[in-house]
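A.B. asks: Mind folding the following:
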Amino acid sequence: MSGPKVAMVLAAGLGTRMRPLTNDRPKALVEVAGKALIDHMLDRLVAAGVETAVVNVHYFADLVEAHLRVREAKGLAPRIVISDERAQALETGGGIKHALSLLGEGPVFVANIDSLWIEHAGAAVDAVAAAWDPDRMDVCLMLASTTGSLGFHDTGDVFLGADGVVRFKDAGETAPLVYVGVHICKPAITADGPEGPFSLLPLWKRLAADGRVHGVAPEGLWMHVGDPQAKLAAEARLAEA
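C.D. replies: Below you'll find the predicted structure:
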(Lines give C-alpha, C1' and ligand atoms only; values in the text may rest on other atoms or scores of the structure.)
Protein backbone atom coordinates (compact mmCIF):
# COMPACT_ATOMS: atom_id res chain seq x y z
CA MET A 1 0.00 0.00 0.00
CA SER A 2 1.38 3.42 -0.91
CA GLY A 3 1.67 6.01 1.81
CA PRO A 4 -0.31 9.22 2.32
CA LYS A 5 0.12 11.98 -0.25
CA VAL A 6 -0.47 14.69 2.38
CA ALA A 7 1.70 15.56 5.37
CA MET A 8 1.38 17.88 8.34
CA VAL A 9 4.76 19.42 9.18
CA LEU A 10 4.93 20.87 12.69
CA ALA A 11 7.01 24.04 12.46
CA ALA A 12 5.33 26.40 14.94
CA GLY A 13 7.52 25.77 18.00
CA LEU A 14 9.47 28.48 19.81
CA GLY A 15 12.74 26.55 19.80
CA THR A 16 13.76 27.94 23.18
CA ARG A 17 16.31 25.17 23.84
CA MET A 18 17.97 25.98 20.51
CA ARG A 19 18.89 29.53 21.56
CA PRO A 20 20.94 31.52 20.64
CA LEU A 21 20.47 29.97 17.18
CA THR A 22 16.75 30.79 17.34
CA ASN A 23 17.15 34.40 18.46
CA ASP A 24 16.65 35.57 14.87
CA ARG A 25 14.92 32.60 13.20
CA PRO A 26 12.61 29.69 13.99
CA LYS A 27 14.07 26.26 14.70
CA ALA A 28 12.70 25.11 11.33
CA LEU A 29 15.25 27.36 9.60
CA VAL A 30 18.28 26.37 11.68
CA GLU A 31 20.71 24.76 9.28
CA VAL A 32 22.29 21.37 9.87
CA ALA A 33 25.03 20.41 7.42
CA GLY A 34 24.13 23.44 5.30
CA LYS A 35 20.42 22.64 4.99
CA ALA A 36 17.46 23.99 6.98
CA LEU A 37 15.85 21.46 9.31
CA ILE A 38 12.49 21.85 7.59
CA ASP A 39 14.08 21.06 4.21
CA HIS A 40 15.65 17.88 5.59
CA MET A 41 12.16 16.70 6.60
CA LEU A 42 10.34 17.92 3.48
CA ASP A 43 12.84 16.09 1.27
CA ARG A 44 12.31 12.86 3.24
CA LEU A 45 8.55 13.20 2.81
CA VAL A 46 8.80 13.93 -0.91
CA ALA A 47 10.95 10.82 -1.36
CA ALA A 48 8.11 8.85 0.26
CA GLY A 49 5.57 10.21 -2.24
CA VAL A 50 4.12 13.18 -0.35
CA GLU A 51 2.69 15.75 -2.75
CA THR A 52 1.26 18.36 -0.34
CA ALA A 53 2.67 19.54 2.99
CA VAL A 54 0.55 21.57 5.39
CA VAL A 55 3.03 23.56 7.49
CA ASN A 56 1.94 25.30 10.68
CA VAL A 57 3.66 28.59 11.52
CA HIS A 58 3.86 30.80 14.62
CA TYR A 59 7.33 31.93 15.75
CA PHE A 60 9.00 33.99 12.97
CA ALA A 61 6.11 32.88 10.77
CA ASP A 62 6.98 35.37 8.03
CA LEU A 63 10.48 33.90 7.70
CA VAL A 64 9.13 30.36 7.39
CA GLU A 65 6.64 31.41 4.74
CA ALA A 66 9.29 33.31 2.78
CA HIS A 67 11.67 30.32 2.91
CA LEU A 68 8.95 27.99 1.64
CA ARG A 69 8.01 30.37 -1.18
CA VAL A 70 11.64 30.36 -2.33
CA ARG A 71 11.65 26.57 -2.19
CA GLU A 72 8.53 26.38 -4.33
CA ALA A 73 9.89 29.00 -6.75
CA LYS A 74 12.83 26.67 -7.35
CA GLY A 75 10.36 24.01 -8.43
CA LEU A 76 10.96 21.83 -5.40
CA ALA A 77 8.14 19.61 -4.17
CA PRO A 78 5.95 19.31 -2.23
CA ARG A 79 3.17 21.84 -2.70
CA ILE A 80 3.03 23.95 0.48
CA VAL A 81 -0.12 24.99 2.34
CA ILE A 82 0.26 27.22 5.39
CA SER A 83 -1.72 26.64 8.58
CA ASP A 84 -1.51 29.99 10.35
CA GLU A 85 -1.04 29.87 14.13
CA ARG A 86 0.32 33.39 14.51
CA ALA A 87 -2.37 34.20 17.09
CA GLN A 88 -1.51 31.23 19.30
CA ALA A 89 0.75 28.22 18.99
CA LEU A 90 -1.50 25.18 19.34
CA GLU A 91 0.93 22.32 20.15
CA THR A 92 0.80 19.00 18.31
CA GLY A 93 -2.84 17.99 18.75
CA GLY A 94 -4.23 21.50 18.54
CA GLY A 95 -2.15 22.18 15.44
CA ILE A 96 -3.62 19.19 13.61
CA LYS A 97 -7.16 20.04 14.73
CA HIS A 98 -6.71 23.63 13.51
CA ALA A 99 -5.59 22.29 10.11
CA LEU A 100 -8.30 19.64 9.62
CA SER A 101 -9.95 21.52 6.77
CA LEU A 102 -6.58 21.67 4.97
CA LEU A 103 -5.57 18.06 5.51
CA GLY A 104 -8.56 16.30 3.98
CA GLU A 105 -10.21 13.17 5.33
CA GLY A 106 -7.59 10.56 4.52
CA PRO A 107 -4.58 9.50 6.60
CA VAL A 108 -1.62 11.89 6.70
CA PHE A 109 2.00 11.85 7.69
CA VAL A 110 2.76 14.09 10.67
CA ALA A 111 6.37 15.16 11.10
CA ASN A 112 8.41 17.22 13.53
CA ILE A 113 11.21 19.28 11.99
CA ASP A 114 13.91 18.50 14.56
CA SER A 115 14.51 14.83 13.78
CA LEU A 116 17.28 13.69 11.43
CA TRP A 117 18.44 10.19 10.70
CA ILE A 118 20.87 8.01 8.79
CA GLU A 119 19.13 5.01 7.25
CA HIS A 120 20.75 1.58 7.38
CA ALA A 121 18.27 -0.57 5.45
CA GLY A 122 15.75 1.14 3.20
CA ALA A 123 13.73 4.31 3.57
CA ALA A 124 12.36 4.74 7.09
CA VAL A 125 9.32 6.80 6.04
CA ASP A 126 8.41 4.09 3.53
CA ALA A 127 8.59 1.54 6.36
CA VAL A 128 5.95 3.47 8.31
CA ALA A 129 3.76 3.63 5.20
CA ALA A 130 4.17 -0.11 4.62
CA ALA A 131 3.08 -0.84 8.19
CA TRP A 132 0.02 1.41 8.00
CA ASP A 133 -3.32 -0.43 8.07
CA PRO A 134 -6.33 1.84 8.72
CA ASP A 135 -8.55 -1.11 9.63
CA ARG A 136 -6.31 -2.04 12.56
CA MET A 137 -4.88 1.31 13.65
CA ASP A 138 -5.49 5.02 13.98
CA VAL A 139 -1.82 5.91 14.50
CA CYS A 140 1.44 4.32 13.31
CA LEU A 141 4.61 5.67 14.92
CA MET A 142 8.18 5.70 13.64
CA LEU A 143 10.25 4.35 16.52
CA ALA A 144 13.94 3.80 17.25
CA SER A 145 15.85 1.96 19.94
CA THR A 146 17.26 4.07 22.74
CA THR A 147 20.70 2.77 21.76
CA GLY A 148 20.14 3.69 18.11
CA SER A 149 19.23 7.30 18.74
CA LEU A 150 20.78 10.49 20.06
CA GLY A 151 19.10 13.27 22.04
CA PHE A 152 15.83 11.45 22.75
CA HIS A 153 14.65 10.02 26.10
CA ASP A 154 17.23 7.62 27.53
CA THR A 155 14.46 5.80 29.39
CA GLY A 156 12.40 5.30 26.23
CA ASP A 157 8.73 5.85 25.46
CA VAL A 158 7.12 2.60 24.40
CA PHE A 159 7.19 -1.17 24.06
CA LEU A 160 6.37 -2.79 20.71
CA GLY A 161 4.59 -6.11 20.54
CA ALA A 162 5.33 -8.78 17.95
CA ASP A 163 2.06 -7.73 16.27
CA GLY A 164 3.24 -4.11 16.04
CA VAL A 165 0.95 -2.85 18.80
CA VAL A 166 2.42 -0.08 20.95
CA ARG A 167 2.26 0.02 24.75
CA PHE A 168 3.32 3.23 26.44
CA LYS A 169 5.53 2.76 29.46
CA ASP A 170 4.11 3.11 32.94
CA ALA A 171 5.60 5.42 35.56
CA GLY A 172 8.99 4.12 36.66
CA GLU A 173 9.43 1.80 33.68
CA THR A 174 12.27 1.95 31.18
CA ALA A 175 11.19 1.24 27.63
CA PRO A 176 13.42 0.09 24.76
CA LEU A 177 11.99 2.38 22.05
CA VAL A 178 11.50 6.11 21.54
CA TYR A 179 9.18 8.02 19.22
CA VAL A 180 11.38 9.83 16.69
CA GLY A 181 9.10 12.46 15.25
CA VAL A 182 7.24 10.96 12.27
CA HIS A 183 3.94 9.11 12.22
CA ILE A 184 0.86 8.41 10.15
CA CYS A 185 -2.54 9.12 11.64
CA LYS A 186 -6.16 9.72 10.87
CA PRO A 187 -6.39 13.49 11.48
CA ALA A 188 -9.94 13.15 12.76
CA ILE A 189 -8.60 11.70 16.03
CA THR A 190 -8.04 15.34 17.06
CA ALA A 191 -11.55 16.56 16.19
CA ASP A 192 -12.92 16.10 19.70
CA GLY A 193 -9.89 17.68 21.36
CA PRO A 194 -10.25 20.87 23.41
CA GLU A 195 -10.19 24.32 21.91
CA GLY A 196 -6.72 25.87 21.91
CA PRO A 197 -3.39 24.11 22.52
CA PHE A 198 -3.23 20.43 23.37
CA SER A 199 -0.79 17.55 22.97
CA LEU A 200 -1.24 14.39 20.94
CA LEU A 201 0.20 12.21 23.70
CA PRO A 202 -2.97 11.84 25.80
CA LEU A 203 -4.90 10.94 22.64
CA TRP A 204 -2.31 8.35 21.72
CA LYS A 205 -2.43 6.79 25.17
CA ARG A 206 -6.22 6.47 25.05
CA LEU A 207 -6.06 4.92 21.57
CA ALA A 208 -3.22 2.62 22.63
CA ALA A 209 -5.40 1.22 25.41
CA ASP A 210 -7.66 -0.11 22.65
CA GLY A 211 -4.75 -1.44 20.55
CA ARG A 212 -5.17 1.28 17.93
CA VAL A 213 -1.60 2.64 18.07
CA HIS A 214 1.00 0.63 16.17
CA GLY A 215 4.63 1.26 15.40
CA VAL A 216 7.62 0.25 13.34
CA ALA A 217 11.32 0.55 14.19
CA PRO A 218 13.42 0.77 11.00
CA GLU A 219 17.17 0.28 11.18
CA GLY A 220 19.26 3.43 11.41
CA LEU A 221 20.60 6.18 13.63
CA TRP A 222 18.11 8.85 14.74
CA MET A 223 19.14 12.27 16.05
CA HIS A 224 16.97 14.78 17.89
CA VAL A 225 18.32 18.24 17.07
CA GLY A 226 16.99 20.05 20.11
CA ASP A 227 19.83 22.37 21.10
CA PRO A 228 23.07 23.80 19.66
CA GLN A 229 25.17 20.92 20.99
CA ALA A 230 22.84 18.39 19.37
CA LYS A 231 23.16 20.28 16.08
CA LEU A 232 26.94 19.93 16.21
CA ALA A 233 26.68 16.24 17.12
CA ALA A 234 24.28 15.62 14.22
CA GLU A 235 26.56 17.39 11.77
CA ALA A 236 29.48 15.25 12.92
CA ARG A 237 27.49 12.03 12.46
CA LEU A 238 26.21 13.12 9.03
CA ALA A 239 29.75 13.90 7.95
CA GLU A 240 30.81 10.37 8.87
CA ALA A 241 27.95 8.69 7.02
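A.B. asks: Can you give the distance of the lowest-mean-pLDDT helix or strand in the chain from its chain's centre?
C.D. replies: None of the helices or strands of the chain scores lower by mean pLDDT, DSSP states H and E than strand 149-150, at a mean of 90. Using C-alpha atoms, centre = their mean, to the nearest Å, the distance from the centre of strand 149-150 to the centre of the chain it belongs to is 15 Å.
A.B. asks: same thing with stretch 69-83?
C.D. replies: How far stretch 69-83 lies from its chain's middle: 18 Å, per C-alpha atoms, centre = their mean.
A.B. asks: same check, this time on stretch 218-226
C.D. replies: Remark: stretch 218-226 is offset 12 Å from the chain centroid, using C-alpha atoms, centre = their mean.
A.B. asks: First-to-last residue distance for it?
C.D. replies: 22 Å (C-alpha to C-alpha, to the nearest Å).
A.B. asks: mean confidence for that stretch?
C.D. replies: Averaging pLDDT along stretch 218-226 yields 95.
A.B. asks: SS state for the residue located most distally from the centre of the chain?
C.D. replies: The C-alpha centroid of the chain is most remote from residue 172, which lies 25.9 Å away (C-alpha atoms, centre = their mean). With DSSP: H, G, I helix; E, B strand; the rest coil as the basis, residue 172 sits in coil.
A.B. asks: cool, the one 10 residues further on as well?
C.D. replies: For residue 182, the secondary structure call by three-state DSSP comes out as strand.
A.B. asks: circling back to that earlier point, give me the residues contacting the least confident helix or strand of the chain.
C.D. replies: 178, 180, 221-224, 230, 233-234, 237 (C-beta atoms under 8 Å, 6 or more residues apart in numbering). The C-beta positions use only the backbone N, C-alpha and C, and glycine is treated the same way.
A.B. asks: if you set the cut-off to 10 Å instead, what comes out?
C.D. replies: 115-117, 143-144, 156, 177-178, 180, 220-225, 230, 233-234, 237 (C-beta atoms under 10 Å, 6 or more residues apart in numbering).
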